[in-house]
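Engineer: Need the 3D shape of this:
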Amino acid sequence: MYDFVIAGAGLTGSILARMLANKLNKKILVLERRPHIAGNTYDCIGEHDIKIQRYGPHVFHTDSEKAYSFIRQYCTEIPYRTRCEAVIDGVSTPSPFNFRTIDQFYGTEDAQRLKNKLAAYFQKPYAPVAEMLNCEEEEIRRYAQFLFEKDYKLYTAKQWNLPPEEIDASVLNRVPVVFSYRDTYFEEKYEFIPGEGFTGLAERLLDHPLIDVQLSSDILPDIKMDAGQRKLFYRGREPIVIYTGAIDELFDYCYGTLPYRSLHFEYKYYQKRSFQNTAIVAYPQEPGYTRITEYTKMPVQEGNGWTVAAYEYPVPYDNKAECGQEPYYPVLTENSNKTYLKYERLALSYQNLITCGRLADFKYYNMDQAVLRALQVYEEIEKGIE
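Structural biologist: Just a heads-up that it's a prediction; the model follows:
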């Protein structure tokens, strides 16, 4: 008999399984709908012995000592600094946009004047493009409008299938404009890729005698909600259920569907050492795909003279469709957040149900945020047991 049943063997579920087994000596069953562990961070060896990340590029980055020290217990690290570019009007420029972007699109005198104005006006390392669009300086506004029309607006339309004004501001603010020549995508203290890969990290987390993992196993057909008792039953028993999947699906869409976006990838192998300037390049003006990831640069791999380019196409989420059946990103809008709060209140009313993770919390978590959320949930469980 299991003390906890965890739905999902991604990062959140794997961390909670490990903590509950290791610290509280609990018997854990992890059910994973897919045929592999590690969730969307799953990586594997593709053609020409090149390791690819099947669901898009991931790097662990954080300023949190707590998140870093926890993850480092279960992996070695390959130090890595993410550098990205975006192709605008045929010019590959740093992303986030920085002073080099200005040099590329302005003449020498105009570029220097604009850089001086940005430094003087904002007096901080970076700012969201929305803040620049509302700037009092006309020259700064024109630059922001150029970036918005050529990149942010187009990328947002493809990625989210919504106009920028309908998307939660936190989404657009994830990629600010940098007021220096800094060319790294992130600036946290720690940034690395696990030496064993993200799948290896998940394997280490789940490698415990009190943890059983069942792949290709969906929890939903085996659970029953008793609204009267406010309990959830798994195969007739009452373990504590930790659910990390889409929360609207758990409750059979009783308040309507929550919007998610999915992705489709096309992998193309080229007999050359390099395909593009950086591992990740955005193509906002290209039809269909949003970005290309070259995995021989993430981290550096030999590839025996070959490289691979993963073309990333955003698609509508539909769990019954052949393409787009995996929910990747919650679409955060005013209406979707209101709907989520209804599901959250319903979940909290069940005595033996815990929901957490990007899909269940309906939050756009980075990996370190997912780690901290999992540790927070564990601490709450530990406190409740005491």
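
Engineer: Tell me the pLDDT of residue 173.
Structural biologist: pLDDT for residue 173: 80.

Engineer: what about the closest residue to it other than its chain neighbours, how many neighbours?
Structural biologist: Leaving aside its sequence neighbours, residue 173 sits nearest to residue 128 (CB to CB, 6 or more residues apart in numbering; 4.5 Å). C-beta here means a position set from N, CA and C on the backbone, and glycine is covered the same way. Counted by other CB atoms under 10 Å, the residues lying close to residue 128 total 18.

Engineer: Surely residue 128 touches residue 178?
Structural biologist: No - with contact defined as CB atoms under 8 Å, residue 128 does not reach residue 178; the gap is 11.4 Å.

Engineer: isn't there a strand covering residue 30?
Structural biologist: Yes - assigned with DSSP: H, G, I helix; E, B strand; the rest coil, residue 30 falls within a strand.

Engineer: If you rank every helix and strand of the chain by mean pLDDT, what lands last?
Structural biologist: helix 169-172 (a mean of 78; mean pLDDT, DSSP states H and E).

Engineer: residues in contact with that helix?
Structural biologist: 128-130, 152, 156, 160, 164, 332, 364 (CB atoms under 8 Å, 6 or more residues apart in numbering).

Engineer: Filter the residues you listed down to just the ones in strands.
Structural biologist: With strands taken from DSSP state E, there is no overlap with the contacts of helix 169-172.

Engineer: Now do the buried residues in the least confident helix or strand of the chain.
Structural biologist: 171-172 (16 or more other CB atoms under 10 Å).

Engineer: Equivalent analysis for stretch 149-167, please.
Structural biologist: In stretch 149-167, counting by 16+ other CB under 10 Å, buried: 150-152, 154-156, 158-160, 164, 167.

Engineer: Closest to residue 193 out of those?
Structural biologist: Nearest to residue 193 among the buried residues of stretch 149-167 is residue 159, at 23.5 Å by CB to CB.

Engineer: I figured the closest one hits residue 291, correct?
Structural biologist: No - applying CB under 8 Å as the test, residue 159 and residue 291 come out as separate, 9.3 Å apart.

Engineer: sec struct for the residue of the chain most remote from its centre, please.
Structural biologist: When distances to the mean C-alpha position of the chain are computed (CA atoms, centre = their mean), the maximum falls on residue 109, with 39.9 Å. With three-state DSSP as the basis, residue 109 sits in helix.

Engineer: how much space between it and residue 81?
Structural biologist: Using CB to CB, to the nearest Å, we find residue 109 at a distance of 32 Å from residue 81.

Engineer: do residue 29 as well
Structural biologist: Residue 29 is 39 Å from residue 81, by CB to CB.

Engineer: Which strands or helices does the longest helix anywhere in the chain pack on?
Structural biologist: Looking across the chain with DSSP state H, the single longest helix is helix 367-385. With contacts defined as 3 or more CB pairs under 8 Å, 6 or more residues apart in numbering; DSSP states H and E, helix 367-385 has these neighbours: helix 11-24, strand 60-62, helix 65-72.

Engineer: buried residues in it?
Structural biologist: Buried residues in helix 367-385, counted by 16+ other CB under 10 Å: 367-375, 377-378, 381.

Engineer: Identify whichever of the helices and strands packed on helix 367-385 lies nearest to residue 297.
Structural biologist: Once these are compared by CB to CB, strand 60-62 is nearest, at 16.4 Å.

Engineer: so what secondary structure elements neighbour that closest one?
Structural biologist: strand 190-194, helix 367-385.

Engineer: Given it, what are its sheet partners and their directions?
Structural biologist: Here strand 60-62 has these sheet partners by DSSP bridges: strand 190-194 (antiparallel).

Engineer: quick one: the strand it pairs with to helix 65-72, angle?
Structural biologist: 20 degrees (axes from the mean of the first three to the mean of the last three CA atoms, to 10 degrees).

Engineer: quick one: which of the buried residues of stretch 149-167 is nearest to residue 196?
Structural biologist: For these, with residue 196 as the reference and CB to CB as the criterion, the closest is residue 159, at 30.4 Å.

Engineer: Tell me who's in contact with the closest residue to that closest one other than its chain neighbours.
Structural biologist: Spatial nearest neighbour of residue 159, excluding adjacent residues (CB to CB, 6+ apart): residue 314 at 5.0 Å. Residue 314 sits next to 158-161, 261-263, 290 when contact means CB under 8 Å, 6+ apart.

Engineer: again, 6 Å this time
Structural biologist: Residues near residue 314 by CB atoms under 6 Å, 6 or more residues apart in numbering: 158-159, 261, 263, 290.

Engineer: Out of those residues, name the ones that lie in strands.
Structural biologist: Per DSSP E, the subset of the contacts of residue 314 in strands is 261, 263.

Engineer: Format the contacts of residue 314 as TSV; extra columns: distance to residue 245 and pLDDT.
Structural biologist: Listed next are the contacts of residue 314 as TSV, based on distance: CB to CB, whole Å; pLDDT from 0 to 100:
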residue	distance to residue 245	pLDDT
158	26	94
159	22	94
261	16	95
263	17	97
290	25	98
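
Engineer: Between the contacts of residue 314, which sits nearest residue 216?
Structural biologist: Relative to residue 216, the closest of the contacts of residue 314 is residue 263; by CB to CB it sits at 21.1 Å.

Engineer: Okay, and the beta partners of that closest one?
Structural biologist: Assigned bridge partners for residue 263, using DSSP bridges, are residue 314.

Engineer: tell me the contacts of it?
Structural biologist: 312, 314, 328.

Engineer: And the second one, what's its pLDDT?
Structural biologist: Yep, that's residue 314 we're talking about. 97.

Engineer: how near is the nearest residue to residue 89 once chain neighbours are set aside to residue 202?
Structural biologist: Leaving aside its chain neighbours, residue 89 sits nearest to residue 150 (6.9 Å; criterion: CB to CB, 6+ apart). Using CB to CB, one gets 39 Å for the distance from residue 150 to residue 202.

Engineer: Then residue 261?
Structural biologist: 24 Å.

Engineer: Of the two, which one has the most company?
Structural biologist: residue 202 (30 against 19).

Engineer: This completes my enquiry, with thanks.
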